[in-house]
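Student: Provide a 3D model corresponding to the input given below.
(chains A, B, C, D, E and F, ligands or ions: 2)
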Amino acid sequence: MEALFAFSIGLLTASGVFLTLRGRTFPVAVGITLLSYAVNLFLFSSGRLTINGAAVLGASEVYTDPVPQALVLTAIVIGFAMTAFLLILAMRSRADLGNDHVDGRLPIEPEEKKK
Amino acid sequence: MNWIELILSFFVLLGGLFMLIGSIGVARLPDFYMRLHAPTKATTLGVGSLLIASMIFFSLKNSMFSIHEVLITIFLFITAPVSAHMMAKAALHLNTKTLARTQGFSVQKAATKRSNKPKKDLANQ
Amino acid sequence: MGLLWIPLLPMLGTLVPLLVARFSRSSIAFFTALLPAIALFLLFQQAPAVFSGEVLTTSFEWIPLAGLEVAFRLDGLAWLFALLILGIGQLIILYARYYLSEKDNMPLFYSYLILFMTAMLGIVLSGNIIQLWFFWELTSISSFLLIGFWSHKTEARKGARMALTVTGAGGLALLAGLLLVGDIVGSYDLSLVLASGDLIREHAAYPVALVLILLGAFTKSAQFPFHFWLPQAMSAPTPVSAYLHSATMVKAGIFLMARFYPVLSGTELWFLIVSMTGLATLLLGAYVALFKHDIKGLLAYSTISHLGLITLLLGMNTQLSTVAAIFHIMNHAVFKASLFMAAGIIDHETGTRDMRQLNGLWKYMPHTATLAMVGAASMAGVPLFNGFLSKEMFFAETLHQVTLGSLSWMVPVLATLGTVFSVAYSARFIHDVFFNGEPINLPKTPHEAPRFMRIPVEVLVALCLLVGIFPSFIVGPLLATASGATLGTALPEYNLAIWHGFNLPLLMSFLAMLGGLVIYYNRKYLFRFQAQFPEPDAKLIFEWLMQRLVNSCHNIMQTLENNALQRYVYLLIFLSMILMAGPMIDLHTTEGHKSQIPIDALTLIGAIILAIAAIATVLFNRKRLVSLICLSVVGLIVSLAFARFSAPDLALTQLSVEVVTMILMLLALFFLPQNTPKESHPRRLVRDLGLAGIVGGVIGTINYAMITRPLESISWFYLENSKIGGGGTNVVNVILVDFRGLDTLGEISVLGIAALGIFKLIVRMRLYMPSSDSTGRPWATGRYPMMLSVVSQNLLPLALLVSIYIFLRGHNMPGGGFIAGLITAVAIIQQYIAHGVDWIKDRLRINYQWLIACGILTATLTGMGSWFFDRPFLTSWFDYFSLPIFGKFELASAMLFDLGVYLTVIGATLMILANLGKLTTSHSPAIKENS
Amino acid sequence: MMQQHLPLLPVIFPLIIGTLLLLPPIANSLMRQRSVTLLASLVIIALGIWMIQVAHLEGIQLYFLGDWKPPFGILLVLDRTSALMVLLTSLLTLGALLYATGGDDNTGMHFYPLFMFQVAGVNGAFLTGDLFNLFVFFEVLLMASYSLLIHGGGKQRTQAAMHYVVLNLVGSAFFLFALGILYGTLGTLNMADMAARVHHLNPDELALVKTGGLLLLVVFGLKSALLPLQFWLPRTYSAASAPVAALFAIMTKVGIYSILRVHTLIFGPEAGELANLIQPWLWPLSLLTLAIGAVGALASPSLRMLAANLVIISVGTLLIAAAIATPQAIGAALYYLVHSTLVAAALFLLADAIGEQRGKPGDRFVAARRVQQPILLGTAFFVAALSVAGMPPFSGFIGKLMLLQAAGQTSLIASWVWPAILISSLAAIIALSRAGTSLFWRVNNRGNISAEVKPLPLLKLSGIWFLLACSPLMVIFAGSITEYTQLAAEQLFDIQTTLDLILQQGDK
Amino acid sequence: MLNTALFLVSGMIALALLLSLWRLIRGTSIADRILALDTLYINSIALIIILGMYMGSPLYFEAALLIALLGFVSTAALCKYLLRGDIIE
Amino acid sequence: MRSRLLPMPVQSALLFVVWLLMNNTIAAGHIFLATVFAVVIPLLVNCLQHPQPTIRRPFLAVRYFLLVLMDIFMANMQVAVLILGPLRKMNPGFVAVPLDLKGNLPITLLASTVSLTPGTVSCDISEDHCWLYIHALNLVSEQALIDSIKTRYEAPLKEIFGC
Ligand code: NA
Ligand code: NA
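Tutor: Numbering: from 1, shown residues only, chains lettered A, B, ... in the order given. Ligands and ions are numbered 1, 2, ... in the order given. A predicted model of the protein is given here:
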């Protein structure tokens, strides 16, 4: 199971990073979101994986490490706030700069005619 | 106690079966409007019976009535039709293709055009 | 004590002119001169002690850790320089009073001048070498201000910047050198440093230190090849030039060499560097001076050559040469000051300094002419003038030195050659200006300068004569003490007299005179010859170099800092991968020996779905809505994963956050292009994919290595104390509201701030609502589908009930304020979707901003409540009560804290979403994009 | 009675003020907001002085939130360094706010609340002794800074904000990865406890911890603009509105402070296997940062840009000190840090003021009409320039001098550090003299003082001069200040005592 | 017996999930994808219930409840987006 | 006729029940809470409610509910067979049902019922609320379908809401 978990995190990270490296704001926002999923899972797993051991006293006999869960909860909230800001900023930059490129100006590189 | 397990397993399997059928429908049926039928129905019963199973299960496990699963069913019964409705509206708005042999195509057109024509269409038939 | 006041009075004096700025020009001059005058007086008070060979010191602690103290030290050398600085300073002040015009800001000028004076005094009187550097830099700065005084002139600005750059650079080198010396000696105290000459000369770092210090000295005193800034400094008002060239600035470098003579001199290296530089400077300066048409230019180059002469003397490592150097320092100061002032008078009265226009001024200003001639004669080293004496000693020394072995003969020869030119340009200065026919279209009709403007010149010229005729009487003792202080040893035998009988030096002087006159007589050939070479303008070259420097820097920044986010992000990620690579290699076995959980079908499928959805999100990234749908599948599976691995709270949070995020993204997407253009170059795609793959691999590996190893964490404590200490059975929630309450407080603050910031963004946003979707199809007409509204409004009470339920149980069961808040928010947002903003606005009057504030405030005040029980912030309280019918129930301060969270979440979420909804105003086509 | 809560006050007080500013009656009027905020910043300064005093006389103060003893609860640590940083922040705050009240505060909404929140976040980051809590306060100050950055609106700000936000989002993600790694190996979040646990780890776990530590370096490096993560800084800082830019001067220092804190405590000299984990990387990178800063300074077309690049130079200098990592170097660095922060802030304000006065050309280095109040502004610029270039008689040279001395102890290093620092100073001198001459001396008389530019409001001037006044004061009282910073640095390196102090508390 | 049943069902649900996902990826119309997403929500409700019974812990009930509640919201939002573009107007 | 204290009696009842359901209990304390919420929440959200017709014939409502449940069960069987069976057999179609019902709530209920029951999904409602557009999975006879809907569902709803 651990291997599966680690693999999923790796994949999520990779996808997130790739999208974060895109040139338009929306894909970047999506990429950041993916990345934060990966981050949350990673941080969560730092308490190791437990099945059927929710840290609710009396609910089970063996308890998982509750600390990372608390941390991830905080991280999720903060991540939400950040993503929200990024999205609205993306709108604002489209409004101010007339395009949705992360640099606020469209690339003049000859990448278009290459293909 | 075995017959209770029997009942449990029945409900569980029934639920799972309908869940599966629903998804099969979503995957298999030829056009959107037909796919729309699958989940809205299969899931209601699928989830329903699973919830019944879970009710029985936990009532026995904790030897006290556990009926809060009903809530989920209530919510689904309230929301599922609206979801379907909204999706259908969207599909109509987007002129999503229908299966060639779909009848009352004009009705659908009318629906998308929001005119009250259909009376005539009905008259034709 | 008096010693301290000598630099201190002028320091205070810098403010005087500004204070008395309202007064008449003369009184300004007077008050300006006052404090330095007192300082001068004090200086003379110290004379007896100093001349008796005492070294006066005074010091206060300043920065013990840096070995820095406020220390002043007065010995013969310092006294001599202080005298020159203060004495000539007085004359300059008087002179400037008449030189400066009405337009010039005289108080400011004086204040700069005195600042400069202070800095110079600081240098010569410092008893701590770092403090010396302190004042050294101060001279660079104040000279910058003085040279740039006429800031409206381009050459003034450029000259000032050049001076600052060159001397500033030298200053930094000097600092390094001094620090090295300090390291070697173990102290920055000057006396100690001077005492440990051998230690320094033997030290391995000696060459480095020597070179660095000499760099400082050479730049300051305009030695070749750093001489070029000095002529540019002429663009300063003439009083400044007179001061800079005679007594101060350039002399600072000389002073430095003299000061450290006992420590640094006496080695081959010293001789080679110092004397050869001096010789080169001497020749170059003297030669170039001859061809300058500008009087001040001529004088400037003559200064350069005389400084070279002094340097050469200091470099020659013999005691007598040093004495000669000191002597020439005095003489040069006197005659050069007088000459500059004379030049200033001519400039002032005729309106030009060009010798091609200036002719035959003799009959217009005979008085000034006489003075100038005396000065020039002394500069040329004519007998009976002070210049002659030191010149003689110089020649004598050049003959004695043998360090160059078989080449030693070159030194006297070249020295003579240099003098030949100095005679020539002196001759030119006199003849070309005061005789040589009639003046040619001068701006003004020349006449004598005002009485008091000539006084300073007269004083100096008088000195030239007196010293020239009765040397030992006038300057004997001073020279002795100064030289003694410089050498730091007993004085050599020497005799200050005009007549030493017929000897080689005399012959050399004679040859020099003759040669000089001859050269000046047939100067036209020489001029014609010189005219073939384009005269290199130091200013242009320097400016060009600076421009080159700036441009190349600009290009570097252009290429590196191309303002492309993609590169920056790439660098960020790339760097972190590089850094992590090393330890990853040390990690021998990836897999730890913690017993692992067997894979079950359901989780496997879950993982597969996660993978597919994630990849789909990437592949569809150009169809944004689809990509968004895939993303929400990922979110769904992640929350299922949380549920699977026993984190119900996380599952709930993730679910609710995910829905809100989805709504937010839809709102944003509405104003953004629906599709992403295909613009990434294949190379970039491959590059990014590569990096993404690496990152994924590394993070995955680390994660695997981490979670397959056992961990002893601090979690046991929370599990033990959650109920007894925190009063809740849901440990995660107890950690959030109690054990780590501060995190949660910060977290809701972040949420609140985000809402405020987003509001900031939205308020001024001018976006137009697309009138049709990306395919050009007009929007559906029905705004609020009836069925949706009906169901939504009937769902609302239920949703609220659920959120209350989630909130109340949070402390003991999965749930809590945050999730509850989100559910409430979503329920209300659902109303917005179903009924529209206006409809809600009329019915629901909540000020979300206040809601946020109240939320944070509630949480904070709850935390502060514990202060009244003298407990730290956020110390929780809870207790169980039981009422007859209701039975046992719990009350906890954590609940109140959680309420704060609840309110903030609702406030923030709604503030963001609702305002975003309000955003669009008019139905005009979307912004045209040129992509 | 209040003293026991002292370590918390600088965090909680601005937070409360910030929320109050959002509520009526204060929220309704700008005047009220201004006065409340100014008063608040005075109080915060008082707090800072108080903290310095307490930290200096009574030693390290610990504050256990929720009364949970370390390593289980969150812990605030008030030592000489953190006290110093808090005081510095408060001074900066007052200066920036004074300037803001001159009119930059009403060009957008919620200026003052956001400002207070940012202060709270910064102070929290300085005071916390818990790594995850540090993350949280980072996010607080970042979120506030995002919002402040776009204050006033305009294309450049939006564009700069986009870069700044995205980069920092990635940075935060990495921070969390690092936290995950560290908790997943050390099983604790309290920095002191981490430092203690580092010793009983097997080599493999050590390798993991190293990855975490180095990842943290990247995160802090991004905040502190360590090459090659400094590219965002110049545009961001020069785009921000003046008071915001002034406040941002502390942001890079937060990163540097975190490096000093975390990497001396957890990965410091006493960390056995992990000792001086980051030094080999910090060396080249900090030197290169200095270099790029110098190049940037020479290339700068405007005073804002120049100021921003000078910030990078100061960052490079400070990180060199962090790389030397001796108490002496850190002591010098702390002094230099205070000086450079205040002066940089003053420069940003000054750039704005000069820009306003010169009309259309703004603060670009081209001829323009002469500034009004040439004496006041000119002198201000002169003081700022000398300080920042490290020329006497102002504070810059002391810091650099002591740093050079510290580097001199290790002769090999000196051979690199001295040229770097000295040459960068030269570059600064050249750039600044160019700036000064073209801003104040190159006057084109086409547009001589015209009616529509009104002289700088007194409040703005007072803001600038308040910050600048610190420079000469830091020279005059250099003796005691350097002594304090030296003691602070030694305290930073006296890890064992800190650990005992904190972890004994845990056993009690 | 129950466990075998649960095992079988979890298999069925897994299959159901995959099928829905297939539709989501396959499309072809955007409405189909939304439908698939909605189905996925419902499937995961079932999944959680099964999980709860599997673990014998009632802690996950709320998760199911929330999906039932929120899944509807996001479906509605998506459809509104297709219909009007502006989901909050 | 709408009371101050209980603006929405039906919802109140629902809330009361739901609270007890959620908590799986009938403990006194919770009954108390349930009552409180049943009263308070409607008062809170009342401002966000369109006026709705109240149920006139509760018992009929219950009967209707059970009927629908029954139909849902049947529907699922049929649909299951259809879905799994050969696609050829199905001939889907759209139908427009003329509505006699008035009021949003009743129409919504009807539409929902239609969607929940045998092989039909209500796709759209004409803007004048006179037509209900239905998609039938397997349309045998249009008229039969329309009639069944009108008799089986619309009629009782009309009675229940008395409109
Ligand atoms: Na002439
Ligand atoms: Na809108």
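
Student: and the helices in chain E?
Tutor: Listed in chain order, the helices of chain E (DSSP state H) span residues E:2-26, E:30-55, E:61-84.

Student: touching chain A at all, the second one?
Tutor: Yes - using CB under 8 Å from any CB of the partner chain, helix E:30-55 reaches chain A at residue E:55. For every residue, glycine as well, the C-beta is placed using N, CA and C.

Student: helices and strands around that helix, which ones?
Tutor: Judged by 3 or more CB pairs under 8 Å, 6 or more residues apart in numbering or on different chains; DSSP states H and E, helix E:30-55 is in contact with helix B:2-28, helix B:32-61, helix B:69-93, helix C:601-619, helix C:624-644, helix E:2-26, helix E:61-84.

Student: worst average pLDDT in the ones you listed?
Tutor: Among the helices and strands packed on helix E:30-55, helix B:32-61 carries the lowest mean pLDDT, a mean of 87.

Student: what about that helix, distance to the chain center?
Tutor: With CA atoms, centre = their mean, to the nearest Å as the basis, helix B:32-61 stands 9 Å off its chain's centre.

Student: again with stretch C:2-9
Tutor: Distance of stretch C:2-9 from its chain centroid, counting by CA atoms, centre = their mean, is 31 Å.

Student: pick out the residue closest to the middle of chain A.
Tutor: residue A:36 (2.1 Å; CA atoms, centre = their mean).

Student: right, is the helix or strand hosting residue C:544 up against chain D?
Tutor: For residue C:544, the host element (DSSP states H and E) is helix C:538-560. Yes - Helix C:538-560 is in contact with chain D by CB under 8 Å from any CB, via C:546, C:549-550, C:553-554, C:556-557, C:560.

Student: same list, those residues, but as CSV with neighbour count please.
Tutor: Output for the residues of helix C:538-560 next to chain D, formatted as CSV (neighbours: other CB atoms under 10 Å in any protein chain shown):
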residue, neighbour count
C:546, 17
C:549, 15
C:550, 18
C:553, 21
C:554, 16
C:556, 16
C:557, 21
C:560, 15
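
Student: ok, of those, which one's closest to chain E?
Tutor: Using CB to the nearest CB, residue C:560 comes nearest to chain E of those, at 41.8 Å.

Student: which residues are in contact with that closest one?
Tutor: Neighbour list for residue C:560: D:231, D:292 [criterion: CB atoms under 8 Å, 6 or more residues apart in numbering or on different chains].

Student: kindly report the same for residue E:38.
Tutor: Per CB under 8 Å, 6+ apart, neighbours of residue E:38: B:39, B:83, B:87, E:71, E:75.

Student: at 6 Å instead, please
Tutor: Residues in contact with residue E:38 (CB atoms under 6 Å, 6 or more residues apart in numbering or on different chains) are B:83, E:75.

Student: ok, now residue A:47?
Tutor: A:65, A:68.

Student: got it, and residue D:129?
Tutor: D:75, D:77, D:191.

Student: same check on residue C:369?
Tutor: Listed by CB under 6 Å, 6+ apart, the contact set of residue C:369 reads C:362, C:434.

Student: what average pLDDT does the helix or strand containing it get?
Tutor: Using DSSP H and E, residue C:369 sits in helix C:366-380. Mean pLDDT, taken over the full extent of helix C:366-380, equals 92.

Student: for the record, mean pLDDT for the next helix-or-strand element following it?
Tutor: Later in the chain than helix C:366-380, the nearest helix or strand by DSSP H and E is helix C:386-400. The average of the pLDDT scores along helix C:386-400 is 86.

Student: quick one: contacts for whichever residue of the stretch 1-150 of chain C sits closest to ligand 2?
Tutor: The nearest approach of the stretch 1-150 of chain C to ligand 2 comes at residue C:148, 59.9 Å away (CB to the ion). Neighbour list for residue C:148: C:156-157, C:160 [criterion: CB under 6 Å, 6+ apart].

Student: by neighbour count, which of the residues you listed wins?
Tutor: residue C:160 (29 neighbours; other CB atoms under 10 Å in any protein chain shown).

Student: shouldn't it be within a strand?
Tutor: No - the assignment for residue C:160 by DSSP: H, G, I helix; E, B strand; the rest coil gives helix, which leaves it out of any strand.

Student: that one touches residue C:147, doesn't it?
Tutor: Yes - between residue C:160 and residue C:147 there is a contact under CB atoms under 6 Å: 4.0 Å.

Student: from chain C, which residue is nearest to chain A?
Tutor: For chain C, CB to the nearest CB, closest residue to chain A: residue C:700, 2.5 Å.

Student: pLDDT at the residue nearest to the centre of chain A, what is it?
Tutor: 96.

Student: thought it was touching residue A:80?
Tutor: No - with contacts counted by CB under 6 Å, residue A:36 stays clear of residue A:80, the gap being 8.7 Å.

Student: before we move on, the earlier item: what about the residue of chain C closest to chain A, how many neighbours?
Tutor: Residue C:700 has 24 neighbours, counted by other CB under 10 Å.

Student: now do residue F:66
Tutor: Counted with other CB under 10 Å, residue F:66 comes out at 10.

Student: got a list of what the closest residue to residue A:74 other than its chain neighbours touches?
Tutor: Excluding its sequence neighbours, the residue lying closest to residue A:74 (CB to CB, 6 or more residues apart in numbering or on different chains) is residue C:747, at 4.7 Å. Shown in contact with residue C:747 (CB under 6 Å, 6+ apart): A:74, A:77-78.

Student: run the last query once more with 10 Å
Tutor: A:73-78, A:81, C:736, C:740, C:818, C:901, C:904-905, D:136, D:139-140 (CB atoms under 10 Å, 6 or more residues apart in numbering or on different chains).

Student: try residue D:277
Tutor: C:579, C:582-583, D:209-210, D:212-214, D:216-217, D:263, D:266-268, D:271.

Student: and if you look at residue C:617?
Tutor: A:12, A:15-16, A:18-19, A:27, A:30-31, A:33-34, C:626-634.

Student: dihedrals phi and psi, residue C:57?
Tutor: Backbone torsions of residue C:57, given as degrees, to the nearest 10, read phi -140, psi 150.

Student: ok, the residue in chain E that chain C sits nearest to to ligand 2 distance?
Tutor: Closest to chain C within chain E is residue E:88: 3.0 Å, counting by CB to the nearest CB. Note on residue E:88: its distance to ligand 2, by CB to the ion, to the nearest Å, is 5 Å.

Student: can you tell me the closest non-neighbouring residue to that residue?
Tutor: Nearest residue to residue E:88, sequence neighbours excluded (CB to CB, 6+ apart): residue C:917, at 3.0 Å.

Student: alright, I will stop here.
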